[in-house]
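Trainee: coords below, sequence missing:
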């Protein structure tokens, strides 16, 4: 059993307090002690350290309920900012989007490129570097990539051919001197879904996302951990069906094509992962939802499948995943 030293305990306690403060709520050391289970003395000591680094702000004391009024604290939203970049493969070309969020996760600025016929690495680099120069206190750059990526490196084949086989993490870090994290767009959405729905306490999840006018991607979470596989190909559900990309594209765009495509995929991912929930995010599926559920009911052993939840858009979950990726990188390495 691995021993945890005092420094690790203090780090864990700080992260616990930080988690409650990042919600934007105002706290006293007493309210934090009640919320975290830590002692009021421990909360006070950590708050004093966070005050010294300007990570938290001290507010005017609250109204006393008899005796000395309690000191109040809130997280300093301007302490650090996150540069969140989405690389998009859209029907008429490629597009870049940057969201700059404050420490609390509020988007304070947004930039978009025009439609790009070609998205070469130097174009991506210039877009990110310019944004990083224009905003202060950027603690991390998190990138959402529409394809296979592992340890910051893209695979040797994918929809954006110009970016295939590049170590994008190394490239961007060399020019910004800011830590960079890169993850698949639907993997981020899968993690973001769990972050946005903690009350569901789900540890095994399949998240299938359909970016507009694109073939689907899939994020797999098993026992609370995102699965990448040896090469980063875990969740590449295009290969479940014995069809070319063109054939799958034609199926998807036929009337009620998604309802035709999904049953075999749902059965396969359930057999492999046995998730508690399958989420399908697609703006087009609601029109075919009843047909899809009818096809599922007609499958052999339809009760084999877990709960299926259909939502219209993966982007809110993707944002939550991007924000979490940037935050974790910054707070885990210290500052």
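Mentor: Good, I have the coordinates. Values in this document were obtained by computation on a predicted structure and should not be read as measured data. Numbering: from 1, shown residues only.

Trainee: So what touches stretch 241-260?
Mentor: Residues from elsewhere that reach stretch 241-260, judged by CB atoms under 8 Å, 6 or more residues apart in numbering: 210, 215, 238, 261, 264-265, 282, 284-285, 287-289, 291-292, 295. Yep, even glycine has a C-beta here, placed from its N, CA and C like the rest.

Trainee: 6 Å instead, please
Mentor: 215, 261, 285, 288, 291-292 (CB atoms under 6 Å, 6 or more residues apart in numbering).

Trainee: so which of those residues would you say is closest to residue 311?
Mentor: residue 285 (9.0 Å; CB to CB).

Trainee: ok, that closest one to residue 191 distance?
Mentor: To residue 191, residue 285 is 22 Å away according to CB to CB, to the nearest Å.

Trainee: These two: which has the busier surroundings?
Mentor: Legend: neighbour count by other CB atoms under 10 Å for residue 285 and residue 191, higher for residue 191 (25 against 20).

Trainee: Skipping adjacent residues, who's closest to the more buried one in space?
Mentor: residue 321 (4.4 Å; CB to CB, 6 or more residues apart in numbering).

Trainee: From what I see, the one you found and residue 194 are in contact.
Mentor: No - using CB atoms under 6 Å, residue 321 makes no contact with residue 194, being 9.0 Å away.

Trainee: More neighbours: these two, which one.
Mentor: residue 321 (31 against 23).

Trainee: where does that one land in three-state SS?
Mentor: helix (DSSP: H, G, I helix; E, B strand; the rest coil).

Trainee: Let's see the pLDDT reported for it.
Mentor: At residue 321, the model reports a pLDDT of 98.

Trainee: quick one: contacts for it?
Mentor: Shown in contact with residue 321 (CB under 6 Å, 6+ apart): 188-189, 191-192.

Trainee: With pLDDT as added columns, please give these in CSV.
Mentor: Compiled in CSV, the contacts of residue 321 are given as follows (pLDDT from 0 to 100):
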residue, pLDDT
188, 98
189, 98
191, 98
192, 98
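
Trainee: Would you format those residues as CSV with distance to residue 245 and secondary structure included?
Mentor: As requested, those are exported to CSV (distance: CB to CB, whole Å; DSSP: H, G, I helix; E, B strand; the rest coil):
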residue, distance to residue 245, secondary structure
188, 23, helix
189, 21, helix
191, 26, helix
192, 26, helix
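
Trainee: With distance to residue 95 added, can I get those in TSV?
Mentor: Converted to TSV, the contacts of residue 321 look like this (distance: CB to CB, whole Å):
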residue	distance to residue 95
188	17
189	18
191	23
192	20
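
Trainee: Closest one of the residues you listed to residue 153?
Mentor: Using CB to CB, the contacts of residue 321 come closest to residue 153 at residue 188, 16.8 Å.

Trainee: quick one: contacts for the residue nearest to residue 152 when sequence neighbours are not counted?
Mentor: Distances taken as CB to CB, 6+ apart put residue 169 closest to residue 152, at 2.5 Å, once the chain neighbours are dropped. Residues counted as contacts of residue 169 (CB under 6 Å, 6+ apart) are 152, 180, 182.
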